[in-house]
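Enquirer: this one's structure only:
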Ligand code: FAD
């Protein structure tokens, strides 16, 4: 007999599960329920709809209920909220929101939960005042658009400097609002290590965005003129005509919890590798679940569209008896910030340390996104994390104007395949002058790490500068413009004449602008019997570490 599969939530995870189910089982009865007015809409496009980059609401609708019905024979019930699961009877209670809230029960053979996540809205004073918005659904973004069109606000405060907060900041600036970002952490882009977030901070300031970092939200007050004052924990009051709350999301677990399904340690729905909950007839996918971090083995919640889509497929395959295991997540993500691209994959250094992983080494580099001799090369600030014991790639973060996400995608694949830095060094990647380098930034990152592993160029530690004699191998005019306190200047260009002046009994910690000249100097000195190491990333990385408060200023 044909099985009846019901799906709660018809967007990223739910819709992809439904479509995959149909492709695998022509007989199954499949019904999608969503309490919102749409299914299969592009949440990721919402900030750009607010910013008018996407001007038509219908452009956000990836697939309509009619298309689901006609093309896939999938029933879609929008404005239908699932309010309870009766696991013993294998049925759900559905409330028709447009029919005076009439309830009915729907039986299932398999149930898939993809209810997503809800924006955090802490119970602070004034949180429900008009003009304070979250952005999760098309109606949310329509409300923001209407507010902008009707009131012509001048000042926006975005609370939260993560992916969505930064996208909203950019798009509100596009609508000619003066934007302030309030972020509780001392950095923007919390998934990044602080020094990698520093170029993002600088870029935001250069674009005229006001930043209040290291200061939390404490509440809102209305003003007599119809505006708002955003109050902060430090006592600041920021004037605003529009506020966006982008302080994170929490998994929608109420339905699962009420049905007694197990949650994981992070508060998401617990599932196995096939996306099955602890009830053999119920699967769960997307932002509502916990998944395994492939790098640390810990349970995490990663609210991203790619994993939600892939999990939907895995659940469909499991329901159709074609079980395969979801690989886990590594949080590969990218965001555009006023023309800057910020991308990350795998673990961050702080995440690894938090997880108690000590087998970690890192390299910094700042190569051009294509050959330097071809006009228009832009630097990519790249940090690569790897395990020194076996060279396994653990994570990477990159920031730049061009070519950033391409490098992170290559490294993301390397991580999935369990590759080592030797594989990065050897990777054969596209090259022509306008696209890359004969040694691509990915190759270079691998080569730097391999040189360290092979003892050819040990990496110095920026956090342990006291453990050696600091040598700045840049030219005197560069040294005069700014250098690390305590460094002597011995330029690479005169090193062969003067290297005997360096102390032999101490480790030499070398640096230059970005790491390349110090590499040449390290190799020269090591071949002359010196214990030389390279402080990777050079003075550029030193500046970012200091600005991020990770080194004494
Ligand atoms: P959702 O897509 O949120 O779908 C859940 C659906 O379930 C909702 O429509 C909801 O109405 C419905 N629902 C919930 N409970 C019930 C119920 N009881 N009954 C009926 N229906 C219910 N990710 C990226 O990877 N890249 C990006 O660039 C990106 N940008 C984003 C920008 C914004 C503004 C937002 C909000 C998210 C963005 N994301 C991005 C995250 C991505 O959209 C989510 O990770 C993804 O949509 C999660 O899919 P999901 O199926 O779990 O949940």
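Expert: Received, thanks. Given the structure is predicted, the values throughout are model-derived calculations rather than measurements. Residues are numbered from 1 along each chain as shown.

Enquirer: Am I right that residue 198 falls within a strand?
Expert: No - assessed with DSSP: H, G, I helix; E, B strand; the rest coil, residue 198 is helix; it does not lie in a strand.

Enquirer: what's the spacing between it and the ligand?
Expert: Distance of residue 198 to the ligand, computed by C-beta to the nearest ligand atom, to the nearest Å: 22 Å. Glycine gets a C-beta too; all of them are placed from N, C-alpha and C.

Enquirer: Run a quick neighbour tally on that residue.
Expert: Residues within reach of residue 198, counting by other C-beta atoms under 10 Å, total 25.

Enquirer: Quick check: pLDDT value at it.
Expert: You'll see residue 198 listed with a pLDDT of 96.

Enquirer: pretty sure it is touching residue 547, no?
Expert: Yes - with contacts counted by C-beta atoms under 8 Å, residue 198 reaches residue 547, the gap being 4.7 Å.

Enquirer: Now do the helices in the stretch 51-200 of the chain.
Expert: Applying DSSP state H, counting those that start in this stretch to the stretch 51-200 of the chain gives helices spanning 65-72, 138-151, 163-174, 194-206.

Enquirer: Which residues does the first one contact?
Expert: Outside of helix 65-72, the residues within contact range by C-beta atoms under 8 Å, 6 or more residues apart in numbering are 15, 18, 19, 22, 30, 32, 39, 40, 74, 75, 76, 78.

Enquirer: So which of those reach the ligand?
Expert: When C-beta under 6 Å from any ligand atom is applied, no member of these is adjacent to the ligand.

Enquirer: which two from the residues you listed end up farthest apart in space?
Expert: For the contacts of helix 65-72, the maximum inter-member distance is 18.4 Å, found between 22 and 78 (C-beta to C-beta).

Enquirer: Can you name the residues of the stretch 201-350 of the chain that neighbour the ligand?
Expert: Residues of the stretch 201-350 of the chain found near the ligand (C-beta under 6 Å from any ligand atom) are 252, 255, 286, 287, 288, 303, 304, 305, 306, 308.

Enquirer: follow-up on the earlier one: in ChimeraX, how would I select the buried members of the contacts of helix 65-72?
Expert: Selection of the buried residues among the contacts of helix 65-72 in ChimeraX, burial being defined by 16 or more other C-beta atoms under 10 Å:
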select :15,18,19,22,30,32,39,40,74,75,76,78
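
Enquirer: and the contacts of helix 65-72 as CSV, adding pLDDT and distance to residue 437?
Expert: Formatted as CSV, the contacts of helix 65-72 follow (pLDDT from 0 to 100; distance: C-beta to C-beta, whole Å):
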residue, pLDDT, distance to residue 437
15, 97, 40
18, 98, 44
19, 97, 40
22, 98, 45
30, 98, 49
32, 98, 47
39, 93, 45
40, 91, 40
74, 98, 48
75, 97, 53
76, 97, 49
78, 96, 50
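
Enquirer: Now go through the contacts of helix 65-72 and say which are in strands.
Expert: Taking DSSP state E, the ones among those that sit in strands are 30, 32, 75, 76, 78.
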